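Enquirer: Below: sequence and its predicted model.
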Amino acid sequence: MARVPGRLGSAPRGSSPSDASLLGALIARDLRAIDALYERHSAALLGWDLRWLPALDAEEAVLDTFLVLVQKPENIDPTRPLRALLYTVLRGKAIDRLRAARRQPQTEPWTDEPEDAAGDAARWRRLDLADLARAAATLDPVDQELLCLLMDGRSSPEIAATLGISAEAVRQRKRTLQQRLQAALQTGAA
């Protein structure tokens, strides 16, 4: 069958070229073929990958999968189903990303203030408990829980794990909590 000028592969007019003909075009370094393959398969791959990875990682894993096609198209058997190969490559990319995320140390962002959980607990305990209780009643439930954890001497990472938020969010909420309580205590609302 004769090739239609300007179209990829050797499909007749009005039909899409097969994966095998697109692979042939990719081997011949016609990079329009990777666009056609990406358009054809990326949505299904991304849908599968989103079950395992966050959106940004899933999208990058799909792109990495197609990068394998661009780098080594001659190693792909055109007689085998391409989508099965793409799923296999994508599975490996997803596993690599999950392992890398597990290996990365969960470091805290550097702050000017050193963490002193025991000092925080002592500061909170020095307040008059009745005044503190009245001030705490004006707080939202998350800040009330934060106050209890601070008074218990918990560190920011421990509080973060308990509340399900980041340690940096704990530090920010701690500053806001201090300001709110001080304002409540000073205005006599407490």
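Expert: Okay, I see it.
Enquirer: Only C-alpha atoms, please: export the one helix or strand residue 148 maps to in CSV.
Expert: Element membership of residue 148 [criterion: DSSP states H and E] is helix 141-151. The C-alpha trace of helix 141-151 is given here as CSV (Å, rounded to 0.1, in the frame of the first residue of the first chain):
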residue,chain,number,x,y,z
PRO,A,141,-11.1,22.4,67.4
VAL,A,142,-7.7,21.9,65.6
ASP,A,143,-6.1,24.7,67.6
GLN,A,144,-7.6,23.3,70.8
GLU,A,145,-6.0,19.9,70.0
LEU,A,146,-2.7,21.7,69.1
LEU,A,147,-2.8,23.4,72.5
CYS,A,148,-3.3,20.1,74.3
LEU,A,149,-0.4,18.5,72.4
LEU,A,150,1.9,21.5,73.1
MET,A,151,1.1,21.4,76.8
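Enquirer: For that helix, which helices and strands make contact with it?
Expert: Counting contacts by 3 or more C-beta pairs under 8 Å, 6 or more residues apart in numbering; DSSP states H and E, helix 141-151 packs against helix 117-126, helix 156-163, helix 167-187. In short, each C-beta sits where N, CA and C put it, glycine included.
Enquirer: Dump the ones you listed to CSV, plus mean neighbour count, distance to residue 149 and mean pLDDT.
Expert: Formatted as CSV, the helices and strands packed on helix 141-151 follow (neighbours: other C-beta atoms under 10 Å; distance: least, C-beta to C-beta, whole Å; pLDDT from 0 to 100):
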stretch, mean neighbour count, distance to residue 149, mean pLDDT
helix 117-126, 14, 9, 57
helix 156-163, 17, 5, 83
helix 167-187, 16, 9, 80
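Enquirer: Outline the domain layout of this protein.
Expert: Domain assignment for the chain, taken from automatic domain parsing, gives 19-103, 117-187.
Enquirer: Can you tell me which of the ones you listed has the worst average pLDDT?
Expert: Note on those: domain 117-187 shows the lowest mean pLDDT, a mean of 75.
Enquirer: So which of the helices and strands packed on helix 141-151 is nearest residue 141?
Expert: Across these, residue 141 has its closest neighbour in helix 156-163 (10.5 Å, C-beta to C-beta).
Enquirer: Identify the residues contacting the closest one?
Expert: 108, 115, 117, 142, 145-146, 149-150, 154, 166-167, 169-171, 174 (C-beta atoms under 8 Å, 6 or more residues apart in numbering).
Enquirer: change it to 7 Å
Expert: Residues from elsewhere that reach helix 156-163 (C-beta atoms under 7 Å, 6 or more residues apart in numbering): 108, 115, 142, 145-146, 149, 166-167, 170-171.
Enquirer: Quick one: which of those is the most crowded by neighbours?
Expert: For the contacts of helix 156-163, the largest neighbour count, defined by other C-beta atoms under 10 Å, is 25 neighbours, found at residue 170.
Enquirer: ok, that one to residue 133 distance?
Expert: 22 Å (C-beta to C-beta, to the nearest Å).
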